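> need the 3D shape of this:
(chains A and B, ligands or ions: 2)
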Amino acid sequence: MIELKTITSIAIRAIKANKMRSSLTSLGIIIGVAAVIVMLAIGNGAQVSIQKDMKSMGSNLMMIRSGSSTSSGARGGRGSLPTMKAGDGDAIQEKISKIKLAAPVLEQTNQIVYGNANWATSTTGTDNRYFQIKEWELDYGRNFSESDVKNAAKVTILGKTVVTELFGDVDPIGKTIRIKGMPFTVIGVLDKRGENGMGHDQDDVVFIPITTAQKKIIGITFPDQVNMVMLQAVDSEATYSSQEEITQLLRQRHNLGENKDNDFIIMNMTQMQEMMESSTQIMTILLGSIASISLLVGGIGIMNIMLVSVTERTREIGIRMAIGAKAWDIRWQFLMESIVLSLIGGLAGIITGLLGVQIMKTITTFTLIIDWAYVIIPFVFSGIVGVLFGFYPAYKASLLNPINALRYE
Amino acid sequence: MSLIKLENIKKSYPLGDEMLEILKGISLEINAGEFVAIMGPSGSGKSTLMNILGCLDKPTSGRYFLDNKEVGTLENDDLATIRNQKIGFVFQGFNLLSRTSALENVELPMVYAGVPDFERHKKAIKALKAVGLEKRMDHQPNQLSGGQQQRVAIARALVNEAPIIFADEPTGNLDTKTSIEVMELFTKFNKELGRTIILVTHEEDIAMYADRIIKVVDGEILSDTRNKK
Ligand SMILES: Nc1ncnc2c1ncn2[C@@H]1O[C@H](COP(=O)(O)OP(=O)(O)O)[C@@H](O)[C@H]1O
Ligand SMILES: [Mg+2]
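Residues are numbered from 1 along each chain as shown, chains lettered A, B, ... in the order given. Ligands and ions are numbered 1, 2, ... in the order given. From the prediction side, this is the model:
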């Protein structure tokens, strides 16, 4: 049996002898591998950024908003009259064991002023449970105290973006900012969260105690009004199974008669997250599969050229056979040629793919994330393509009859 | 014991619906160390006979013993091994690998014999020296004259120390002067190295280099005579 080293050098020589043709043949594999890498990086990026979003949204999350809904599902939306109270959240947290935390949320966009600097941002009235649900730590300063909330104190915790916009390099703790003209003392600054998947800057926010928001900043139409209540269930199963109990409790608290629709909507964010996650997974698989087709097409290109090459080199095959090459010696020779072609294409494809990912990163807003497994897999795949599509031409070559092959013009 | 023994070898090729019999029952024996010329007019079946002798082709019927071993019924891979180990070929059209140096062409039989690199080089250089081409080792066939190419082919046939060399019209593409050079090489390897040489030719003066002349006409042996030089 002929040595691997010798077969490889024969293959490389044959590839070099037809440089133009070899590169054009490899091009199919290059494009295929590069496409798979870019597509998987897009899919992977989408998946990772959704997972990151989910983490920053909080796990096992539910939200309750005002709006009419029936037992069969939601009917109205944000446009309907406000009905939710902070007390609803407290009651849910207290009475329903499957719910761990309930944070009230009352929001409005306001102009914030510090000295000469001013900045329009979302003012969110809530309490410390909000940060617990979102697992959002303070960078420095302190949280809201019990008395801050009880007394509707004019204190505020800022997101990093607001700090940068208003204070620059100055330490904001203890400084006074004005929200709707009212002075608030900065007590804390939150860790940086960055953008979420929708490109929304999560650090562009100002937090104040819920009571302060209700009484002093945001005009409310009934006592204890909130925009929504954010809930954290004990586990993801509880986000589904607690809904019935929550509905009963809220219907009772809102005094809804037998034949009245719900005046609130429970949104299960966990379900949404799960759906989004599985749909990005499907997207990744789909993108990868579509790109793999181009790899297959590249393989067919290799087979085509190898068939031509076997025909062109019939005489060479005859000479080799006359001199003592066995069927497998001939098979290996052509198989190795197509494997080397494919692997060269695979390597060039990796380089092209990684470049493509960098280019996509700079010219689009997609999140592309390279997972090394997703680089190795298409490369290995290109090798497999080389074997699969190289085998038939190699097999055909080995079946030649030496006399006919020698006589071939 | 004879090196080659044919018993009533027949070979037919299909022609339309019928079979055309090219070899019509050839029996002969050749001993180790002989220098034999197979002569006959064009189309008489010399090459067909030589292909069977050279294990490139299988007879339709009859028995062929090479080195006391029946080879007419062997599998292709086993025939390949025999060609590699026991037989060297020299063809009319040289049949060297293009874009491949003389040295690498000569190394080729040893590549398939699994001889290691270093030894391959050494032996190939030696064989090229024996045909007087050591200065052209790195030349590719298209940089060599016809006579030089045929000498590379002869070196290739010698290199694996195969006991038998088959040469089918080795001078057919060469001028008189280089033909003489080539035939002198064959004579030298027959006499000095004891290689068995079986030469196919239709030219009388080429056949005269051999010690024994077998005349084939129309697929049959017409005569088998010692050549008295
Ligand atoms: N593969 C083949 N198929 C059909 N006919 C063949 C084949 N090979 C040789 N022949 C025929 O056999 C006859 C003898 O050919 P060949 O042995 O080459 O003669 P020579 O070498 O004596 O000139 C020719 O008529 C040729 O056409
Ligand atoms: Mg002939």
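> count the residues that sit near residue A:24.
Other residues lying near residue A:24 total 12 when counted by other Cβ atoms under 10 Å in any protein chain shown. Backbone N, C-alpha and C define where each C-beta goes, glycine included.
> again but with residue A:380, I slipped
Using other Cβ under 10 Å, residue A:380 has 11 neighbouring residues.
> what's the next secondary structure element after the helix or strand that contains it?
Secondary structure here is read from DSSP states H and E; on that basis residue A:380 sits in helix A:373-398. Proceeding C-terminally, helix A:373-398 gives way to helix A:402-407 as the next helix or strand, assigned by DSSP H and E.
> which secondary structure elements does that next one contact?
helix A:314-323 (3 or more Cβ pairs under 8 Å, 6 or more residues apart in numbering or on different chains; DSSP states H and E).
> elements contacting the very next helix or strand once past the helix it packs on?
Downstream of helix A:314-323, the next assigned helix or strand under DSSP H and E is helix A:327-363. Under the contact criterion of 3+ Cβ pairs under 8 Å, 6+ apart, helix A:327-363 touches helix A:4-17, helix A:19-57, helix A:269-312, helix A:314-323, helix A:373-398, helix B:76-86.
> how far off helix A:327-363 does the last one point, in degrees?
It stands for helix B:76-86. If you take axes from the mean of the first three to the mean of the last three Cα atoms, to 10 degrees, helix B:76-86 sits at 100 degrees to helix A:327-363.
> ok, helix B:76-86 near chain A or not?
Yes: Helix B:76-86 comes into contact with chain A (Cβ under 8 Å from any Cβ of the partner chain), by way of B:76-77, B:80-81, B:83-85.
> what average pLDDT does that helix get?
The pLDDT scores in helix B:76-86 average 95.
> same deal with stretch A:38-51?
88.
> go through the helices and strands packed on helix A:327-363 and pick out the most buried.
helix A:314-323 (a mean of 23; mean count of other Cβ atoms under 10 Å in any protein chain shown).
> say whether ligand 1 is contacted by that one.
No: Helix A:314-323 stays clear of ligand 1 (Cβ under 6 Å from any ligand atom), getting no nearer than 13.0 Å.
> give me the residues contacting that helix.
For helix A:314-323, contacts defined as Cβ atoms under 8 Å, 6 or more residues apart in numbering or on different chains pick out A:310, A:325, A:329-330, A:333, A:397, A:400, A:402-408, B:54, B:56, B:80, B:83-84, B:89, B:95-98, B:108-109, B:112, B:156.
> mind saving the C-alpha coords of it as CSV?
Written as CSV, here are the backbone C-alpha positions of helix A:314-323 (Å, rounded to 0.1, in the frame of the first residue of the first chain):
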residue,chain,number,x,y,z
THR,A,314,-6.9,8.1,-18.0
ARG,A,315,-3.5,7.5,-19.5
GLU,A,316,-1.7,8.4,-16.3
ILE,A,317,-4.0,5.9,-14.5
GLY,A,318,-3.1,3.3,-17.1
ILE,A,319,0.6,3.9,-16.5
ARG,A,320,0.3,3.7,-12.8
MET,A,321,-1.7,0.5,-13.0
ALA,A,322,0.8,-1.1,-15.4
ILE,A,323,3.5,-0.3,-13.0
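> which SS class is the most centrally placed residue in chain B?
In chain B, the C-alpha nearest the mean C-alpha coordinate belongs to residue B:166, at 1.3 Å (Cα atoms, centre = their mean). Of the three states, residue B:166 takes strand under DSSP: H, G, I helix; E, B strand; the rest coil.
> give me the beta-bridge partners of it?
Beta-bridge pairing of residue B:166 under DSSP bridges involves residue B:89, residue B:198.
> and the pLDDT for it?
For residue B:166, pLDDT reads 97.
> now for the residues of helix B:76-86 next to chain A: which two are most distant?
Spanning the widest gap among the residues of helix B:76-86 next to chain A are B:76 and B:85, at 15.1 Å by Cβ to Cβ.
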